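K.L.:
need a structure here:
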Amino acid sequence: MRASRPSVFGSPVLVGAITVLIVVVAVFLAYNANKGLPFVPTYDVSVHVPSGADLVVGNDVRIGGDRVGAVDSIKPVEDKQGHVSAILGLKLDKTVEPLTTRTTVIVRPRSALGLKYVQITPGRGGKDLQAGDTLPLQQARPHPVEIDEVFNTFNAPTRRGIQNTLTGFGNGLAGRGADLNLAIAELRPLVDNLTPVARNLASPQTQLGRFFRSLERAAEEVSPVAEQQAALFRNLDTTFGALVPVKSEIRQFIREGPVTEDVAIAELPKQRPFLRNSTALFRELRPGAAVLPRVAPVLADALTIGTSTLARTPALNAELTSVFRSLDRFVADPVVPRGINRLKDTVVTLRDPLDFITPAQTTCNYITLWFRNIASHLSEGDTHGTWQRFIIIATPQGPNNEGGPSSKPADGPSVENHLHANPYPNTAAPGQTKECEAGNEDFVVGKTLVGNVPGNQGTVTQGQKK
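P.N.:
The predicted structure follows:
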């Protein structure tokens, strides 16, 4: 008989060695999963972006929300003007090859505390990007707005102005509940007719956007004459006060107006024979007044149309009776002068905040950019709404680093361990340097910088011409 051979799996040492080898391979693959699995072909390109802040190697690269690769490297670069930007090396799946030179890229947040990803929007046309090519900086758009830049718009003077405004409106409406209820009840016909008006306002032909821009310019022009406007309201108060002693005569005039109009409606048709005779007379006087025969028919038509129009005015006058009664009670209320004075205080209080806020839009275009880009912070959501996701990113290590309590701002010795903070950037407001500093600060490498960046950053923001 042949002796049986021992099984390979009968050796504990061999089984253990195979197990250790499998574990080492699995750990290696898991460790390098974010950079791509080995032996899997990738499409490697680079993109030039304005800033690589808060990006780390291994962050996602997405197209239409689908993960198609990861950030493989981050390299800072400095141009001739001293502006620092970043070139990101991307390792992409072969399924997205090729991208074109019209592709756009933006670094978007996944949380409010720093986690980000790179979003690519493939473009049509242009040349194909070969492996190793770099997408130029002008294709990095739009420029994202950070959450701290949004919060910085509500500085201390702005918050005080908002508080004073709310206080002024509250005091102005105090004690007006009954009159407001009556006014709302009388405005019901207006609400019923609001649908066609709203439809016209929503039409693109109405150009409602240009109307609000014109209002902005008008408010800017009116701001220097706020005192004159306050004087206008005081004079109106004097005018309405003068009408109070003659309110009975005004009521009588309104009450007898419909009767007078009824007489006119009844008598005007009787004038038609006179008008016909006048037409014949003017025709006979044609050598001396050649133009009158052409004018008389127009006048006759005007009187005919006016007859049907005047017939509808009694109903309108009847509806105006309750409106004038409410107006009479309003002007007779002794609280009205105090409310007008409160309105004056509100207008005066708004002057300084408006002077401070106006350059942020008229010079720097910040308000428009804020409304346009606020959606980029709400990058996640479902059918019930949107939200912001966040993750804690470790800060650079070193003395006084921002990862915990410190005695002073981080100031080295490593290049990365330097604090850069500008809580109140210049927005060309009164008393500030005429520059649009928020979003235009240069990133000074290896230097601690708290407050305004040295030099003038200019007044050009995104969407403006240089």
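K.L.:
so what's the backbone phi/psi at Val105?
P.N.:
Val105 adopts backbone torsions of phi -140, psi 140, taken as degrees, to the nearest 10.
K.L.:
Contact partners for it?
P.N.:
Val47, Val49, Val118, Gln119, Ile120, Thr121, Leu135, Gln139, Ala140 (C-beta atoms under 8 Å, 6 or more residues apart in numbering). Backbone N, C-alpha and C define where each C-beta goes, glycine included.
K.L.:
mind redoing it with 10 Å?
P.N.:
47-49, 61, 88, 90, 99, 118-121, 135, 137, 139-141 (C-beta atoms under 10 Å, 6 or more residues apart in numbering).
K.L.:
which among those residues end up buried?
P.N.:
47-49, 61, 88, 90, 99, 118-120, 135, 137, 139-140 (16 or more other C-beta atoms under 10 Å).
K.L.:
tell me the SS of Ile120?
P.N.:
Secondary structure, DSSP: H, G, I helix; E, B strand; the rest coil: Ile120 is strand.
K.L.:
so it touches Arg102, yeah?
P.N.:
No. Using C-beta atoms under 10 Å, Ile120 is not in contact with Arg102, being 11.8 Å away.
K.L.:
circling back: kindly indicate which of the contacts of Val105 lies nearest Asp128.
P.N.:
Leu99 (7.4 Å; C-beta to C-beta).
K.L.:
All the helices of this structure, residue numbers only.
P.N.:
12-31, 147-152, 156-173, 177-186, 188-192, 194-202, 208-222, 226-243, 247-267, 272-284, 292-310, 313-332, 335-362, 366-373 (DSSP state H).
K.L.:
Let me see the mean pLDDT of the shortest one.
P.N.:
Computed over helix 188-192, the mean pLDDT rounds to 77.
K.L.:
Please apply the same query to the longest one.
P.N.:
Per-region confidence: helix 335-362 scores 86 on mean pLDDT.
K.L.:
Tell me which residues of it come out buried.
P.N.:
336, 339-347, 349-350, 353, 355-361.
K.L.:
so what does that helix touch, helix or strand wise?
P.N.:
helix 156-173, helix 208-222, helix 226-243, helix 366-373 (3 or more C-beta pairs under 10 Å, 6 or more residues apart in numbering; DSSP states H and E).
K.L.:
now do 6 Å
P.N.:
helix 156-173, helix 226-243 (3 or more C-beta pairs under 6 Å, 6 or more residues apart in numbering; DSSP states H and E).
K.L.:
Return the list of helices and strands in contact with the first one.
P.N.:
It refers to helix 156-173. helix 335-362.
K.L.:
for the last one, same thing?
P.N.:
Of the remaining helices and strands, those touching helix 226-243 by 3+ C-beta pairs under 6 Å, 6+ apart are helix 335-362.
K.L.:
Taking helix 156-173 as reference, get the angle to the helix it packs on.
P.N.:
150 degrees (axes from the mean of the first three to the mean of the last three C-alpha atoms, to 10 degrees).
K.L.:
Could you check the helices of the chain and tell me which one is nearest Ala131?
P.N.:
When the helices of the chain are compared by C-beta to C-beta, helix 12-31 sits nearest Ala131, at 23.4 Å.
K.L.:
Could you tell me the phi and psi values at the nearest residue to Lys127 once chain neighbours are set aside?
P.N.:
Distance criterion C-beta to C-beta, 6 or more residues apart in numbering; nearest residue to Lys127, sequence neighbours excluded, is Thr101 at 4.9 Å. According to degrees, to the nearest 10, the main-chain angles of Thr101 amount to phi -70, psi -10.
K.L.:
who's in contact with stretch 453-466?
P.N.:
Outside stretch 453-466, the residues that touch it by C-beta atoms under 6 Å, 6 or more residues apart in numbering are His143, Thr363, Cys364, Asn365, Glu435, Cys436, Glu437, Asn440, Glu441.
K.L.:
let's see it at 10 Å
P.N.:
82, 141-143, 145, 359, 363-366, 368-369, 372-373, 420, 422, 425-428, 433-444.
K.L.:
give me the low-pLDDT residue ranges for the chain?
P.N.:
Regions of the chain meeting the criterion pLDDT under 70 cover residues 1-18, 20-21, 23-40, 112-114, 144-148, 286-295, 375, 377-379, 389-390, 465-466.
K.L.:
and Leu99, what does it touch?
P.N.:
By C-beta under 10 Å, 6+ apart, the neighbours of Leu99 are 43, 45, 47, 63, 90, 92, 105, 120-123, 126, 128-130, 133, 135.
K.L.:
Quote the end-to-end distance of stretch 361-371.
P.N.:
12 Å (C-alpha to C-alpha, to the nearest Å).
K.L.:
Next, the residues that contact it from outside, please.
P.N.:
Outside stretch 361-371, the residues within contact range by C-beta under 10 Å, 6+ apart are 142-143, 145, 149-150, 152-153, 213, 216-217, 220, 357-360, 372, 425-429, 434-440, 459-464.
K.L.:
switch to 6 Å and redo it
P.N.:
Here stretch 361-371 makes contact (C-beta under 6 Å, 6+ apart) with Ala360, Thr427, Ala428, Cys436, Thr459, Thr461, Gly463, Gln464.
K.L.:
Make TSV from the residues you listed and add distance to Arg199 to it.
P.N.:
Listed next are these as TSV, based on distance: C-beta to C-beta, whole Å:
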residue	distance to Arg199
Ala360	34
Thr427	38
Ala428	40
Cys436	39
Thr459	40
Thr461	36
Gly463	31
Gln464	34
